[in-house]
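Asks: Give the three-dimensional model of this entry:
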Amino acid sequence: MTRAALRRWFWVHKWSSLVCTLFLLLVCVTGLPLVVRDELSDLFDNGLPYAEVAPGTPRISFDKIVAASRQMYPGEVITSMFEDEHEPNITVLMASSWEAFKANPRIMHSIRFDAHTGKVLKEAKPFDQDNGFFTLMLRLHKDMFAGLPGELFLGLMTTLFVAALVSGTVIYSPFMRRLDFGTVRSGRSPRLKWLDLHNLLGVVALGWMLVVGVTGIINDLSTPLFALWQKTDVKAMLDKVQDRPITDVSELSSQQAALDTARAALPDKLAGGVVFPGSPFGTPYHYVIWTRGKEPLTSRLFSPALVDARTGAFVAEVEMPWYLQALELSRPLHFGDYGGMPLKIIWILLDLVTIVVLVSGLYLWLSRRSSPIGAAEQDLIASHAARVQAGKTKAAHGRGLFIA
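Replies: Have a look, this model is predicted:
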């Protein structure tokens, strides 16, 4: 690598890091509690306990849950409902009207029912009014309370973070030729010690940071990716339907029957969620039954099945496009929620390492000397250029001997 090329890589690393550091710190700090969100939510859950039932007791019908929900809130619409895979509960999401829900999906509130008895265990207020700790952390982590522009902005910051990782690796290669791996020169200036720690921790966690960074970019694009799918594949499918949209609940067939129909048509899939017709995340004519595979890998690949909401007949399974499959596969890699608590602890430790790398990088820039790119950078570039020149001289001398 020439001196000019190394200087360019320094420039890329410095400015990509500086622009994204504060936002990446926000993402890393808010991501820490989100890694163990399920465990902490269960610990502080104030819902009523589940009923004690005999093993093998069947779960209550979705139809009874729907009827109970409408009785509690007769003027509202049910947007969707789903049963928990691991716990015996069924959650219903409701909104004041379809028009209000389409204008702001965050107005939904939820009701959690015991899956065996149908007893209400807990009610949660609309997401817009929920100022709970995890809601605040999730909103800051996802979009900084700025909606889609916030998601796209954080996606850009994460892209700069990936650029900083790549450029930092390129710089680290010639730097390590001068030192043994893991060397921390603590006996000299504090800045030099933090430079060594910054480099060491960065290269140790490099693989994890790249994975989390790239999957973070994909997740930040989830809203436009789903919108693209709805405007292309879903729209093309719905254009073939010649029917009147469902506007009255009296036209709806059994929700439990729709779920059972999807399970019978797709025996190799698990189905546990129903999106009602009229939802912006569904269709005007169908129940959308969300299914996923039973194997470890396919369990992360969700696909919707359509059941006619009037007749209860199975219509089709909609194949998700490759970009949405990539999105679904990226989620567990980003959140580290596929290996139980041991993996979550590893994710937390690596997150803390990343915070140290970001803070140390900021410190190195703030404590830089007055030279244009810093004395340490100048020294590294000069020494690298000297090695390159020495190598060229040695090679030329060797060729001269050979010719002689």
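
Asks: right, and the helix or strand after the helix or strand containing residue 138?
Replies: Secondary structure from DSSP states H and E places residue 138 in helix 133-142. Past helix 133-142, further along toward the C-terminus, the next helix or strand under DSSP H and E is helix 147-176.

Asks: Could you check how far that next one is from the centre of its chain?
Replies: Relative to its chain's centre, helix 147-176 lies at 17 Å (Cα atoms, centre = their mean, to the nearest Å).

Asks: just checking, next helix/strand downstream of that helix?
Replies: In N-to-C order, the element after helix 147-176 by DSSP H and E is helix 190-204.

Asks: Return the list of helices and strands in contact with that following helix.
Replies: Packed against helix 190-204, as judged by 3 or more Cβ pairs under 8 Å, 6 or more residues apart in numbering; DSSP states H and E, are the following elements: helix 147-176, helix 340-366, helix 375-403. The way it works is simple: take the backbone N, C-alpha and C, and place the C-beta from them, glycine included.

Asks: buried stuff in that helix?
Replies: 191, 194-203 (16 or more other Cβ atoms under 10 Å).

Asks: okay, the angle between that helix and helix 340-366?
Replies: 140 degrees (axes from the mean of the first three to the mean of the last three Cα atoms, to 10 degrees).

Asks: Run the chain-centre distance for whatever helix or strand comes next after helix 190-204.
Replies: Under the assignment DSSP H and E, the closest C-terminal helix or strand after helix 190-204 is helix 206-220. Centre-to-centre, helix 206-220 and its host chain are 9 Å apart (Cα atoms, centre = their mean).

Asks: burial of residue 287, as a residue count?
Replies: For residue 287, the neighbour count with other Cβ atoms under 10 Å is 28.

Asks: who's in contact with it?
Replies: Listed by Cβ atoms under 8 Å, 6 or more residues apart in numbering, the contact set of residue 287 reads 255, 258, 274-277, 306-309.

Asks: Pick out whichever of these sits closest to residue 222.
Replies: residue 275 (16.7 Å; Cβ to Cβ).

Asks: pLDDT score assigned to that closest one?
Replies: pLDDT for residue 275: 95.

Asks: Identify the bridge partners of it.
Replies: residue 80, residue 288 (DSSP bridges).

Asks: hang on, it packs against residue 302?
Replies: No. Assessed by Cβ atoms under 8 Å, residue 275 is found out of contact with residue 302, at 11.9 Å.

Asks: okay, those two: which has more neighbours?
Replies: Counted by other Cβ under 10 Å, residue 275 and residue 302 do not tie: residue 275 has more neighbours, with 22 against 19.

Asks: What residues of the host helix or strand of residue 99 count as buried?
Replies: Residue 99 is part of helix 98-103 when elements are defined by DSSP H and E. Buried residues in helix 98-103, counted by 16+ other Cβ under 10 Å: 98, 101.

Asks: ok so, going back, packing partners for the helix holding residue 138?
Replies: So helix 133-142, by 3+ Cβ pairs under 8 Å, 6+ apart, packs with helix 3-35, helix 37-43, helix 147-176.

Asks: And for the shortest one, what's in contact with it?
Replies: Defining contact as Cβ under 8 Å, 6+ apart, one finds that helix 37-43 is touched by 33, 134, 138, 337, 341, 344.

Asks: In a markdown table: the buried residues of helix 190-204, plus pLDDT and distance to residue 51.
Replies: Below are these laid out as a markdown table (pLDDT from 0 to 100; distance: Cβ to Cβ, whole Å):
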| residue | pLDDT | distance to residue 51 |
| --- | --- | --- |
| 191 | 83 | 62 |
| 194 | 88 | 57 |
| 195 | 86 | 60 |
| 196 | 85 | 59 |
| 197 | 88 | 54 |
| 198 | 90 | 55 |
| 199 | 87 | 57 |
| 200 | 88 | 54 |
| 201 | 91 | 50 |
| 202 | 91 | 52 |
| 203 | 89 | 53 |
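
Asks: For those residues, which two are the farthest from each other?
Replies: 191 and 203 (18.9 Å).

Asks: For stretch 222-239, measure first residue to last.
Replies: Terminal residues of stretch 222-239 are spaced 24 Å apart (Cα to Cα, to the nearest Å).

Asks: same check, this time on stretch 330-339
Replies: OK, stretch 330-339 end separation, Cα to Cα: 14 Å.

Asks: How far off centre is it?
Replies: 8 Å.

Asks: which residues are contacting the helix holding residue 138?
Replies: 26-27, 30-31, 33-34, 37, 40-41, 127, 145, 150-151, 154.

Asks: Rebuild the residues you listed as TSV, extending it with pLDDT, neighbour count and distance to residue 166.
Replies: Shown next, in TSV, are the contacts of helix 133-142 (pLDDT from 0 to 100; neighbours: other Cβ atoms under 10 Å; distance: Cβ to Cβ, whole Å):
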residue	pLDDT	neighbour count	distance to residue 166
26	96	15	22
27	96	24	18
30	95	18	25
31	94	23	21
33	93	16	29
34	92	19	26
37	88	16	30
40	84	14	34
41	81	12	36
127	70	18	37
145	88	9	30
150	94	16	25
151	94	19	23
154	96	25	19
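
Asks: Cheers, nothing more for now.
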